[in-house]
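Trainee: Sequence unavailable; structure follows:
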């Protein structure tokens, strides 16, 4: 069985026009997850592929309908509303790989798939950035890009380049690095966040910056309500997944600190 | 030597009729272990294959007869008492794989073996589920299945679907997920348990549900006694294995927290 | 370079007669190390092969002569003093592999080498066994063997079979298990020990039992002095290796708890 | 994509004369880093190759110019100022591999590259050595070498051989060990240090010993200022990388204790 490596299973064949990738995997403040889920809901994302990997934590999620879901990352497309405009590919998932080797493998598969199969040419990874200081007012959006040209292309936007310090761990960083190596442009957009599990305010800032960049019209009137609802929904799911006494936490097969996997 | 991968060594050739798999590996409350051991004892399970893996903890068990046993998972068959009825294959073992990659490999070998070699078509994995609340009365049995059809097939039984939240770690979850991917039906049955090492009451609830499902006649008169005896026997073995000062705990070659491997 | 797997480099070709293997790698009480070092010194062991592995902790030992030594396990032979008698192969080393996969690989290489290259037919692994109770009088020697026949062959000796409970971690256990799988006989002899780093008393008990078994004449008059000296020498080396502020402890490349590797 | 193994990408072809390698990767006191950075700055090191590995921590560094850098090790050359003199190759980097297997792979690639591609014949690895005692006066320089001949060649210098005890973890040790196995000479030079993140005094001692050995004329007048400036610059970068609230610390994809990776 194809269970012993990283595989991407196509659910349906797609023909996308100059697609851009928006990666919203679990991470700090779950900013990426909130942004990607919002785009999926507001614009009707259609799932077309699923990535499984033996490098993901070895667990299965218990679903409300009595079924199960093996940990995975899922690809959705949003067709462009403008003639000849870029389609959007969303990557949303349950978790990230555990080891360096696993992270290198999963993220390079994602970039190879996006470039070779989907003929993509630009990647956006979404994350959170903590300055350590209290956030006053609207959270800022920080960026780090594959090249000076990409940084320059953001001139006039609210995205701040060169002000974020430190490291980007996991997919949000490696996908941009691998895109750069594959001669694809890209940027990591990070919403300023403190240590909350689901930072709706940070997600909103990034969403607005991303929408402006991609030429999307976001329904701002209800944006706050919607984001808060999405945050609550995700929080609910996450609580189920990481509650004090989840189904079969611990025991053989469970790593020592698995509650920290999903934030 | 075949020591550097996952292998299943056939002790005797078998011809099984439409077999179902019942997986009772170490886990929360050791519910699965109790259930499987009980079925093996009550119905005379015959060992026919052993699975070894370089992904299992690198230890050897000291036996009462002065011998040794390398950590393994063992397959037993129970021939159906009914003409044309499904035979049962039990999977019982000492431990589970340590890493995600190890878990993916071992569990996919198990499913491949069951499907391709034994021509099996349904898997039951047994585990424990902790709600966090004190258990009043008879422990409930929760289920998560590969499909809606399987959930529906439990209508009228006492198994509760869609009420368990969170994650299933290790073999109990992955075997069901891999069965689903291999187009085999399956379900994880979890006895409601709190944090005891060997939950005989939870095991009894699952045993009754499983017996009803499989059309087995369980000797209920002595069930409590038997289960309690089995629990004590397992507890004895486990205490030997994880006692405060076990043979050669720690030192080079022993991982930092190995006492948590067996519960 | 052959640095990325487990290799055994022959320093000199040897022709051994019906050799038996005595494994004394670091472990509880360092009983095995003391026993093997003593045999090497008393009977003039000659080094003939070295095992390196990319599964050993990634460190180098700083030598008194200003040189360095990469972590390894080393094979020595002791020619039998009796005509037609079994030669002895000693395995002594700096450390053991870190992961299950590493342990499975290194120990199966050792058994394959002993069986296929050296035509060996019996393995002794030496370790320590902690009962948790204070040791009164002469430490006992516990044994666990590959078969009933081996257990029976110890009748009349002081070695106690079937009284040790729990698990044997690492090489002391796996080498016996792999020997059994390769149709070679073997036994793990464990000296009763409490939690000291170097248990000379336990080593002496095992040494006497082993000497009787192998028909070796141990100089008992000086045995205590010699063992104590050896223990001190090993303690010195170990202290150098694990002293409070060893050369380049910690930092990138050093694992979090490496002082526990050598005991 | 070549993201799933260790690769060395040549930026420009080079022809070096009897090159010697000076390895200054992150480690205790960052002595190696300080020494190598100083040589690079003072003598104008030219980058000619970059080593990437899926065994490095899975993170990306956020740059001041708004760009990103994937964790790597980088090779620089310094052409000899003397006719026919040995060129110098510097190896400077962000981090080291995490596991034994990763360390063995990365360091053997480095030695193979240096020997086979660059035709190198001597390696210097630079590190720190902590005695545990307070350092009075000028920090000493300790050495451990591949052979007696190399030790002898340091006679008359200030480098102390045979006085350092314990272990050398990571690249500083393994590169010397692998050099020895590849029949290349080498030495690990360690500056006496206590537990500071950046020990400029230790670096100065090693720098002077190395300069004397390599026949380099170091500008001693400004050495202290320069080293202190370099230390401050590195400290700044490191603080950015490991500050209390770095960009996207923690969360899925980040290991549990990553702040300890860079010192």
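Mentor: Happy to help now that I have it. Here the structure is a predicted model, which means the values were calculated and not measured.

Trainee: Near chain D, which residues of the stretch 151-263 of chain A are found?
Mentor: Proximity of the stretch 151-263 of chain A to chain D (C-beta under 8 Å from any C-beta of the partner chain) is limited to residues A:151, A:161-162, A:164-174, A:176-178, A:180-182, A:188, A:190, A:257, A:260-263. Quick note: C-beta positions are derived from backbone N, CA and C, even for glycine.

Trainee: What's the ChimeraX line that selects buried ones from those?
Mentor: Filtering those down to the buried ones (16 or more other C-beta atoms under 10 Å in any protein chain shown) takes a single ChimeraX command:
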select /A:151,161,164,165,166,167,168,169,170,171,172,173,174,176,177,178,180,181,182,188,190,261,262,263
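
Trainee: among the residues of the stretch 151-263 of chain A next to chain D, which are in strands?
Mentor: Among these, the residues falling in strands (DSSP state E) are A:161, A:166, A:167, A:168, A:169, A:188, A:190.

Trainee: quick one: is the helix or strand where residue A:38 lies near chain D?
Mentor: Using DSSP states H and E, residue A:38 falls within helix A:31-43. No - for a cut-off given as C-beta under 8 Å from any C-beta, helix A:31-43 has no contacts with chain D; the smallest distance is 9.6 Å.

Trainee: Nearest to chain C: which residue in the stretch 51-200 of chain A?
Mentor: The stretch 51-200 of chain A approaches chain C most closely through residue A:99 (11.6 Å), counting by C-beta to the nearest C-beta.

Trainee: mind checking how far that residue is from chain B?
Mentor: Here the criterion is C-beta to the nearest C-beta, to the nearest Å. By it, residue A:99 lies 8 Å from chain B.

Trainee: next one: residue A:193
Mentor: As for residue A:193, its distance to chain B is 25 Å (criterion: C-beta to the nearest C-beta).

Trainee: try residue A:219
Mentor: The spacing between residue A:219 and chain B, counted by C-beta to the nearest C-beta, is 32 Å.

Trainee: shouldn't that residue be in contact with residue A:42?
Mentor: Yes - using C-beta atoms under 8 Å, residue A:219 is in contact with residue A:42, at 6.8 Å.

Trainee: Output the below-cut-off pLDDT ranges for chain A.
Mentor: Filtered on pLDDT under 70, chain A yields the residue ranges A:1-4, A:220-223, A:226, A:230, A:237-263.

Trainee: hmm, try it at 80
Mentor: For chain A, applying pLDDT under 80 flags the ranges A:1-4, A:132-134, A:195-197, A:219-263.

Trainee: And the helices in it?
Mentor: A:31-43, A:100-112, A:148-153, A:171-181, A:200-214, A:223-242 (DSSP state H).

Trainee: With distance to residue C:134 as added columns, please give those in JSON lines.
Mentor: Output for the helices of chain A, formatted as JSON lines (distance: least, C-beta to C-beta, whole Å):
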{"stretch": "helix A:31-43", "distance to residue C:134": "57"}
{"stretch": "helix A:100-112", "distance to residue C:134": "46"}
{"stretch": "helix A:148-153", "distance to residue C:134": "70"}
{"stretch": "helix A:171-181", "distance to residue C:134": "54"}
{"stretch": "helix A:200-214", "distance to residue C:134": "60"}
{"stretch": "helix A:223-242", "distance to residue C:134": "45"}
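
Trainee: which of the ones you listed is buried the deepest?
Mentor: Scoring the helices of chain A by mean neighbour count under mean count of other C-beta atoms under 10 Å in any protein chain shown gives helix A:171-181 as the most buried, with a mean of 28.
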